[in-house]
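**Q** give me a model of this one.
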Amino acid sequence: MIRHAVIAAILPLSLAACGKAPDRESATAATNNSSGDYLAQIGQLNEKERNGVLFRAISDAGRACQGVTRSVAGPVLQGNPSWVATCDDGTPWVVSINNKGIATISPVQGSAPKTG
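**A** Numbering: from 1, shown residues only. Next up, the predicted model:
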């Protein structure tokens, strides 16, 4: 069941923002989540699976990242949970996701964001 949740979470994110470059400090990646409670699905993922979802959100937002190596829970932002995802090059990103599957990606304060 969790593997289905991962596929359901990753596939819409992979199609969300193809070919668009970020034009703001924070970028968003929208998904088409028809399966219901998106946050509950993410909550059931282990760290490796969650890293895959967060990587897809960062990548779809046009940020430079070849893979997420670590993720930890971050602060609640505008009523939504967030995670601090660290890319393989060491760049940290704050990824906040609402229950509709819309992710907002922001650089961690004090870090130098890379675009890709």
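**Q** residue 53 against residue 42, yeah?
**A** Yes. Taking contacts as CB atoms under 8 Å, residue 53 lies within contact range of residue 42: 6.4 Å. (Each C-beta comes from the backbone N, C-alpha and C, glycine too.)
**Q** in terms of neighbours, single out the busier of those two.
**A** The residue with more neighbours, out of residue 53 and residue 42, is residue 53; 27 against 20, by other CB atoms under 10 Å.
**Q** for that one, which three-state class applies?
**A** Look at residue 53: counting by DSSP: H, G, I helix; E, B strand; the rest coil, its state is helix.
**Q** and it, how far is that from residue 101?
**A** Shown here: residue 53 relative to residue 101, a distance of 10 Å by CB to CB, to the nearest Å.
**Q** can you pull out the helices in this protein?
**A** Secondary structure of the chain, counting by DSSP state H: helices at 2-16, 38-43, 47-60.
**Q** next, the buried residues of the last one.
**A** Yep, that's helix 47-60 we're talking about. By 16 or more other CB atoms under 10 Å, the buried positions in helix 47-60 come out as 49, 50, 51, 52, 53, 54, 55, 56, 57, 58, 59, 60.
**Q** from those, which two are the most distant?
**A** The two members of the buried residues of helix 47-60 with the most space between them (CB to CB) are 49 and 60, at 17.0 Å.
**Q** now the chain, which segments are flagged as low pLDDT?
**A** 1-36, 111-116 (pLDDT under 70).
**Q** what's around residue 86, how many residues?
**A** When counting by other CB under 10 Å, one arrives at 20 neighbours for residue 86.
**Q** quick check: it touching residue 65?
**A** No. Contact between residue 86 and residue 65 fails when scored by CB under 8 Å: they sit 9.4 Å apart.
**Q** could you tell me which residues touch both of these two?
**A** residue 93 (CB atoms under 8 Å, 6 or more residues apart in numbering).
**Q** ok, residue 39 - contacts?
**A** Residue 39 neighbours (CB under 8 Å, 6+ apart): 81, 97, 98, 99.
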